[in-house]
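*Asks:* the following comprises the amino acid sequence and a computationally predicted model.
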Amino acid sequence: METLIVTRHAGAVEWLRRRGIVGEVAAQVSAEQVRGRIVVGILPLHLAAEAQEVLSLDMPCLTSEQRGKDLTPEEMDAAGATLTRYVVNRVSVDFWPCLVCGTKDQHIKEYEGEWAVTCRECCHTGPLAANAQDAVTAWNQEQAAHLKKLLA
Ligand SMILES: [Zn+2]
C-alpha cells in the first residue's frame, strides 16, 4: 500500500521525495486512513498504533523561529533532519470490574490534562491521575478498597 505522508509543509514533502519516499500527502488523517499503512509524520499515539509503522521526521537542531514553519529541504538538513522508524502497539490494560455496577467495560479518559478511568455502563469515574497508567492503577486500587469494604 502507498506510503501516507502527513504534513502541511511542501518542503518536507520535497525532502522526503529526494530520499525516494513518495506517496499520498494529507494535512490531517483519520484512523481509517492510517490503518495498516506506512505513515510519515507526527501522529498521536492512538493513530500511530493503527499504522503498520510510523516514520518520524525529527529535526533536533530546529530553532524556535523555525518551529512549525515550512522549511526548504536545505534548511531541514541544516536542522539535522532524520527519519526514525517507530512501531506503536496498543497495550491492553487490565481493569478491575466497576464495583458500582459490576461490569467490566471501562475506558481511560482525559479530563483537562488529568486522566481517569470511567465506567461506560454507569459513568462511575475513578480518581484523577497525572497519566493514563496511573489512572488505571488508581482505579484498580479504588475498586479493590471498595471490595475489601464490602467483604469486611
Ligand atoms: Zn459501573
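*Replies:* That came through, no problem.

*Asks:* can you show me the helices along this protein?
*Replies:* 10-17, 31-34, 45-48, 73-78, 132-151 (DSSP state H).

*Asks:* ok, residues contacting the longest one?
*Replies:* Read that as helix 132-151. If you take C-beta atoms under 8 Å, 6 or more residues apart in numbering as the criterion, helix 132-151 is touched by 93, 95-99, 106, 108, 115-117, 126-129. The C-beta positions use only the backbone N, C-alpha and C, and glycine is treated the same way.

*Asks:* which of those tops the neighbour count?
*Replies:* Using other C-beta atoms under 10 Å as the neighbour test, the contacts of helix 132-151 are led by residue 117, with 27 neighbours.

*Asks:* separation between the nearest residue to it once chain neighbours are set aside and residue 13?
*Replies:* Nearest residue to residue 117, sequence neighbours excluded (C-beta to C-beta, 6 or more residues apart in numbering): residue 139, at 3.7 Å. As judged by C-beta to C-beta, to the nearest Å, residue 139 and residue 13 stand 43 Å apart.

*Asks:* try residue 61
*Replies:* When residue 61 is compared with residue 13 (using C-beta to C-beta), they lie 21 Å apart.

*Asks:* of these two, which one has the most company?
*Replies:* residue 13 (18 against 10).

*Asks:* so the more buried one touches residue 24, yeah?
*Replies:* No. Residue 13 lies out of contact with residue 24 (C-beta atoms under 8 Å); the separation is 10.7 Å.

*Asks:* return every residue with contacts to both of these two.
*Replies:* Common neighbours of residue 13 and residue 24, using C-beta under 8 Å, 6+ apart, are residue 5.

*Asks:* where along the chain do the strands fall?
*Replies:* Taking DSSP state E, the strands of the chain run over residues 4-6, 24-26, 38-41, 53-58, 82-86, 106-111, 114-119.

*Asks:* kindly report the residues of this structure close to the ion.
*Replies:* Within reach of the ion by C-beta under 5 Å from the ion, the chain has these residues: 98, 100, 101, 119, 121, 122, 124.
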